[in-house]
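>>> sharing a sequence plus its predicted fold:
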Amino acid sequence: MSHTPRISTAFSCTLLVAVVGASATACGGPEGHPLAAEPYDAARQISFNAPSGDRKAPLDKPLEVTARGGDGRITDVTAVDTAGHYLAGELSADGSRWRSTGPLVAGTRYTVKVATEDSDGAPGGRTLTFETAPAKRVLTVSFGPQAGTYGVGQPVTAELSAPVASREGRAAVERSLKVRSAPAVEGSWYWVDDKKLHFRPKEFWPVGASVTATGNLAGVRIERDLYGGRVKDLSLTIGDRVEAITDAAAHRMTVKRNGQVINTIPVTTGKPGFSTRNGIKVVLGKEYFVRMRSTTVGIAAGSSESYDLPVYYATRVTWSGEYVHAAPWSVGSQGSANVSHGCTGMSMSNAEWFFKTVRPGDLVTVVNSSGKEMDHFGNGFGDWNLPWDAWRTGSALTAPTHPHATPEDPARLRPAVA
């Protein structure tokens, strides 16, 4: 039985409509096979529940495409927004209805392609478009650090404008935030708290890598009435692998570049009661001059441990005030005894060399100290002290989120010790 093309200007679906095909017969293909025909215009065969005119589709209601009457059925539906997000949905077994199951993206235009067939098996089609309502609450994301060149230990950070606590919301954020590098590496996000994520690779970044962080979050539903906003991309370059390993027991720092020793420096670290933290730290920044006062770290002025010193060539490795810096007052102990209040001290010339050699993101590791371990989060970047399997538990996409430490406020910068 041949099929007469169904062309009609009367379409009960109140959407802006783009016709896919409108002038074919079911017997138009080779040997008259219905599947070889050009798709007919399925306008009369389907209805859609989106609003008409300038009205926007509400974000809290599912979309439905329905086959009208008993003349044929729906065979496939795809709905894609302007950013390329596909809207999940389910098609009933009898092809009578398709219903969205995923959340709509806010403030965007969707293109919906509907495929049908009539009672003879002839294919039909219709393309529909509609717009969604804007979000009431928008989540913004800021990547860090600033664009530039960093050492191999630099994590990528993401700061959220609103807390996201649910596993589903965190998964939506993670799926929309991508970190890519050339050469490619295996990596993962870790939720430090409800508003902060860190991304690091399984191993340190490759030397010379190009790292790009992007966000495809605009309009994505996060939680309840919270939807994602636009995200500014970030590009980083990774420099040489520079590592400083301080043996607190031997009072020596060994500095390597790309695996080769480039300097060995006599140092002094924290004395008993003020021992330097063990573990892998990451250079946070460099300050040519810092005024270090004991009162900023809780040591009373006038006490036997108080100090007020001008310090030069200070390389910061924790937010609480641990530095590698020049300590000309302790040159006699450098290489033989630990006499500082927690920092790593060295001569003026060695401190100047170190200051000029390292950059943010480079690695500073302390071993054989009697001090406590470096915090994983909250006092700098202790990310690398977590084994990879433990790191992956901090992702909402791989395992239940289980932060290993309660972060401190990074804004609480305190000059530390001499």
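Received it, and whenever you're ready, just let me know what you need. Residues are numbered from 1 along each chain as shown.
>>> what's the first-to-last distance across stretch 255-273?
27 Å (C-alpha to C-alpha, to the nearest Å).
>>> mean confidence for that stretch?
Per-residue pLDDT values over stretch 255-273 give a mean of 97.
>>> how far off centre is that stretch?
When distances are taken as C-alpha atoms, centre = their mean, to the nearest Å, stretch 255-273 is centred 33 Å away from the chain's centroid.
>>> report the buried residues of it.
Going by neighbour count (16 or more other C-beta atoms under 10 Å), the buried part of stretch 255-273 is Val255, Lys256, Arg257, Ile265, Pro266, Val267, Thr268, Thr269, Gly270, Lys271. From N, CA and C alone the C-beta is placed, and that goes for glycine too.
>>> just flag the most distant two among those.
Arg257 and Lys271 (30.3 Å; C-beta to C-beta).
>>> distance check, the residue nearest to Gly84 when sequence neighbours are not counted against Leu63.
Spatially, and ignoring its direct neighbours in sequence, Gly84 is nearest to Asn216 (7.7 Å; C-beta to C-beta, 6 or more residues apart in numbering). Distance of Asn216 to Leu63, given as C-beta to C-beta, to the nearest Å: 21 Å.
>>> equivalent analysis for Arg291, please.
Relative to Leu63, and taking C-beta to C-beta, Arg291 is found at 62 Å.
>>> between these two, which is the more surrounded one?
Using other C-beta atoms under 10 Å as the criterion, Arg291 and Leu63 rank with Leu63 on top: 23 against 10.
>>> list the contacts of that one.
Phe48, Asn49, Ala50, Ala57, Ala79, Leu87, Gly89, Arg99, Ser100, Leu104, Val112 (C-beta atoms under 8 Å, 6 or more residues apart in numbering).
>>> what does the model give the first one for pLDDT?
Per-residue confidence (pLDDT) for Phe48: 92.
>>> any idea how far Phe130 is from it?
In this view, Phe48 and Phe130 are 8 Å apart by C-beta to C-beta.
>>> with neighbour numbers in mind, choose between those two.
More crowded of Phe48 and Phe130, by other C-beta under 10 Å: Phe130, with 24 against 21.
>>> for stretch 162-179, buried residues please.
For stretch 162-179, by 16+ other C-beta under 10 Å, it's Val164, Gly169, Arg170, Ala171, Ala172, Val173, Glu174, Ser176, Leu177, Val179.
>>> that one spans what distance, first to last residue?
End-to-end for stretch 162-179, by C-alpha to C-alpha: 21 Å.
>>> can you check stretch 176-190 too?
Chord length of stretch 176-190, first to last residue, is 14 Å (C-alpha to C-alpha).
>>> next, the buried residues of that stretch.
Result for stretch 176-190 [16+ other C-beta under 10 Å]: buried residues Ser176, Leu177, Val179, Ser181, Val185, Gly187, Ser188, Trp189, Tyr190.
>>> what about Ala172, distance to Ala135?
From Ala172 to Ala135 the distance is 13 Å (C-beta to C-beta).
>>> and if you look at Glu243?
Per C-beta to C-beta, Glu243 is found 45 Å from Ala135.
>>> got JSON lines for the buried residues of stretch 255-273, with secondary structure too?
Formatted as JSON lines, the buried residues of stretch 255-273 follow (DSSP: H, G, I helix; E, B strand; the rest coil):
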{"residue": "Val255", "secondary structure": "strand"}
{"residue": "Lys256", "secondary structure": "strand"}
{"residue": "Arg257", "secondary structure": "strand"}
{"residue": "Ile265", "secondary structure": "strand"}
{"residue": "Pro266", "secondary structure": "strand"}
{"residue": "Val267", "secondary structure": "coil"}
{"residue": "Thr268", "secondary structure": "strand"}
{"residue": "Thr269", "secondary structure": "coil"}
{"residue": "Gly270", "secondary structure": "strand"}
{"residue": "Lys271", "secondary structure": "coil"}
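>>> wait, which of those residues is closest to Ala396?
Using C-beta to C-beta, Lys256 is the member of the buried residues of stretch 255-273 that sits closest to Ala396, with 36.1 Å.
>>> tell me where this protein has helices.
167-176, 348-357, 388-392 (DSSP state H).
>>> thinking again about what came up before, the residue nearest to Gly84 touches Val173, doesn't it?
No - look at Asn216 against Val173 with C-beta atoms under 8 Å: they stay out of range, at 10.9 Å.
>>> nearest residue to the spatially most central residue of the chain in space, please, no chain neighbours.
Centroid check for the chain by C-alpha atoms, centre = their mean gives Leu177 as the closest residue, at 4.5 Å. Among residues not flanking Leu177 along the chain, Gly215 sits closest, at 5.2 Å (C-beta to C-beta, 6+ apart).
>>> now Gly285
Nearest non-adjacent residue to Gly285 (C-beta to C-beta, 6+ apart): Arg316, at 5.0 Å.
>>> just give me the neighbour total for the one you found.
So Arg316, with other C-beta under 10 Å, has 25 neighbours.
>>> residue contacts, it?
By C-beta under 8 Å, 6+ apart, the contact list for Arg316 reads Val283, Leu284, Gly285, Lys286, Glu287, Glu322, Tyr323.
>>> also Ser188?
Residues near Ser188 by C-beta under 8 Å, 6+ apart: Phe199, Arg200, Lys202, Trp391, Arg392, Gly394, Ser395, Thr398.
>>> and for Ser235?
Ala147, Ser210, Val211, Thr212, Ala213.
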